[in-house]
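3D, please:
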Amino acid sequence: MAEPGRAGERVAAWDAARRRRAFVWPARLARTTRTIIEQLRAWAVAEIAPGRLMLWLPVGFIAGIAAYFTADREPSLVAALLLAGGCIVAATLARRRAVAFPILLGLAAAMAGFATATLKSARVAHPVLAQPVWNVTVAGWVEVREERARTDRIAIRVHRIEGPRLGEALERVRVAVRKGTAPPVGSFVELKARLTPPLAPLRPGGYDFARDLYFQGIGATGFALGAIRLAEAPVAPGRWLGYAAFINGIRDAIDRRIRASLPGDAGAIASALITGKRDAISESVNEAMYVSGLGHVLSISGYHMALVAGVVFFALRAGFALFPALALRHAIKKWSALAALIAAACYLALSGAEVATQRAFIMTAIVLVGVMADRPALTLRNLALACFAVLAIAPEAVVHPSFQMSFAATLALVAAYERGQPWLTAGADTAWSARIALWGGRQIAAVMLASVVAGLATTLYAAYHFQRLAPFGVLANLLAMPLVSLIAMPAGLLALIALPFGFDGLMWRLMGLGIDWMTAVAVWVAGLPGAVGRIPAFGIGPVLLGTAGIVVLCLLRTPLRWGGAVLVAVTVLWAAYPPRPDVLVAPGGEAFAVRTRDGLAVMNPGRDQFAVRAWLAADGDAREPKDPGLANGFTCDAIGCIAKLPDGALVSVVLAAEAFEEDCGRAAVVLSRREAPPYCGAIVVDRAVWRKTGAVAVYRSGSGFDVVAARPATQDRPWARGAAQPGAGEAASPARPTLPRDATPRQEDIGPDD
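Down below sits the predicted model:
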């Protein structure tokens, strides 16, 4: 038996040991915490090292432009400029402060972006039509002519416009005309037209077509009534319109020559690649291209511009290298870069100089200028400069899908190139590496990596804007793009060179071989099971979070960048389960949709197929607007229809005024193209509502409903309310009068944005 004294000592020793252990764990935790904090601080210091903040300035600039578009009312230009100037001064004064300087610099970049967007809006300010008008007389110059599958479309710089209820004189209008009746660019025309305000969003959160048209200077859209009369211009033409007519004449001549050598879709796609005229491609091939993930080929952008400049650069440099005396004494690399820059500028003009093409040219020009200045070409710094240049010219591009997708893809590719270059060149001096390089293994790996990286970077924006994914996009690009890059585009460039001499036919046909292969790949991939990846529409929140994740993942160099991967993962989860509206109403009350137990049930008394197509796409629904089963779920009589929500609540569509009395007492939500009586106790979306707010979505929220408008009552922007400043039109070259032909398009051929 242990002695009492010894037992006490042992108990005391155990208690002391427990106390020591109790104090050890907090000490270890504190040391670990301090180590983590010190490591994070070291990484943060490395990320704000000299030269690193430059890469984040475009991010702040873009954030400021995005903030401009979220404002309810048009900001004051003076206030925006003063705020931007004050932030720039504050950042300059704080340049020696380690913490304040980065914060103020980012704030200055954001305010500069906000001021740039405000300035651009003020510069392009013009009247916007407030309500539909019939039988309007329009006289002016044709600035743009577009050929489409069923109609043509022209944009007119207005010289004179007259009509009832017109309000302010519009500066520029766009009208659809019957196929084959569009006059040439530069013509002075007179016509009668039905004009409507630019198309508002088809659903809350949907794309705002009116905003796009506002920054293009277009105040109304519509279609021609009767014949288009060509007349002598009352004033001398402007230089810009004369230049546009000259370039368009060249484009039309090349387009005709291509179509003569390559009939059908091959010729239409070849013309799209060379002249930018992509409206003649058949709907089936166009759909297959986008479903397969090859739709980016049809829009002249960074890929085409880089290919043109690259072919010219490497061909000239290889040619110069054949002459040792020239290659050893002169900077043939810089000469080739200058020639490639000139070729890219010519391609920009020839292709119509659309916004996406302008962005591609600016990026290509910065790369080529870097080559001429003996600077690295593919760097994140050059991408930042290109972003600033593009947004300084067109800040409205920030909300356009082509800008978002092209810069996301380019950012991801440049970041992957900078970090993957050591991996691609590792072991280059080994026998196995030499064999792999001989068989093109590295090139194939680079193409596969580029396809995967660009596809992943653009998936978020494709899903947000088009509610589509391309599951087999990498496969389609791997099969099709090598022939497009090695055969189609080089043959097209050779055809352009040979065209003045009359030997271009063979080159166009060679180009057609590459296009036929690409088309075959697109049709085959689009026909694979699961090729159409539909996804329900989600809000702007996942887009902002996912964009932040991509930026962090690509711009940071330390392990902090893996925080971007976490943000992307959260984005995927967030976007996968978006809230879906229970009721939808078209902007003009032309169509209604109710979510039943079996999906969306659609009533379309106004035959608004464009809105219905957008709703179905946003719901991940593969049905077409003409599907006879769309109305299943509605029970109708002569004066109205009833549909049930999944929880059993009734939604009424009132067709005749006498239905209001009963339906206002029975239904939870009442929809109508008429005006409801004031005593109606249900949630009402009638003519008085959608005339003010445009498209409406109703969401079930607990025991009640939330009504969300595409254009809330608090919103007052130039493209939404018609606030504008009058301006003067420009002149153009006179056109030869010809016999007028009825240009009224058929009603079934007219789109909602016409």
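
contacts, neighbours, all on C-alpha from now
Fine.

residue 706: what secondary structure?
Put simply, residue 706 is strand when judged by DSSP: H, G, I helix; E, B strand; the rest coil.

the residue nearest to it when sequence neighbours are not counted: neighbouring residues, count only.
Counting by Cα to Cα, 6 or more residues apart in numbering, residue 706 lies nearest to residue 699, which is 5.1 Å off, once chain neighbours are set aside. Neighbour count of residue 699, defined by other Cα atoms under 10 Å: 16.

over to the one 10 residues further on?
Applying the criterion other Cα under 10 Å, we find 22 residues in the vicinity of residue 709.

ok, it - contacts?
204, 693-697 (Cα atoms under 8 Å, 6 or more residues apart in numbering).

now for the strand or helix carrying the residue nearest to residue 706, which elements pack on it?
In the assignment (DSSP states H and E), residue 699 maps to strand 696-701. With contacts taken as 3 or more Cα pairs under 8 Å, 6 or more residues apart in numbering; DSSP states H and E, strand 696-701 sits against strand 583-585, strand 704-709.

for the last one, buried residues please.
Spelled out, that is strand 704-709. 707-709 (16 or more other Cα atoms under 10 Å).

what pairs with that strand, parallel or antiparallel?
Applying DSSP bridges, strand 704-709 is found paired with strand 696-701 (antiparallel).

now residue 609: closest residue in space that isn't a chain neighbour?
residue 625 (5.6 Å).

give me phi/psi at the one you found?
In terms of degrees, to the nearest 10, the main-chain angles of residue 625 are phi -60, psi -30.

can you pull the pLDDT of it?
pLDDT for residue 625: 85.

show me where the stretch 601-750 of the chain has its helices.
Ranges of helices in the stretch 601-750 of the chain, per DSSP state H, counting those that start in this stretch, are 609-618, 660-666, 687-693, 718-721.

which one of those lies nearest to residue 143?
In this view, the helices of the stretch 601-750 of the chain are compared for proximity to residue 143 by Cα to Cα, and helix 718-721 is the closest at 21.1 Å.

how far off centre is that closest one?
The chain centroid and the centroid of helix 718-721 are separated by 21 Å under Cα atoms, centre = their mean, to the nearest Å.

and for stretch 180-198?
From the chain centre to the centre of stretch 180-198 is a distance of 27 Å (Cα atoms, centre = their mean).

what of stretch 527-546?
Using Cα atoms, centre = their mean, the mean C-alpha position of stretch 527-546 is found 14 Å from that of the whole chain.

name the residues of it that are buried.
531-532, 534-538, 542-543, 545-546.

picking up where we left off before, want to throw the contacts of residue 709 into a markdown table with neighbour count?
Formatted as a markdown table, the contacts of residue 709 follow (neighbours: other Cα atoms under 10 Å):
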| residue | neighbour count |
| --- | --- |
| 204 | 25 |
| 693 | 21 |
| 694 | 24 |
| 695 | 29 |
| 696 | 26 |
| 697 | 23 |
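
need those residues in TSV with distance to residue 165 and pLDDT, can you?
Below are these laid out as TSV (distance: Cα to Cα, whole Å; pLDDT from 0 to 100):
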residue	distance to residue 165	pLDDT
204	29	91
693	21	88
694	20	88
695	24	91
696	27	93
697	30	94
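
residue 364: which of these is nearest?
Using Cα to Cα, residue 204 is the member of the contacts of residue 709 that sits closest to residue 364, with 36.9 Å.
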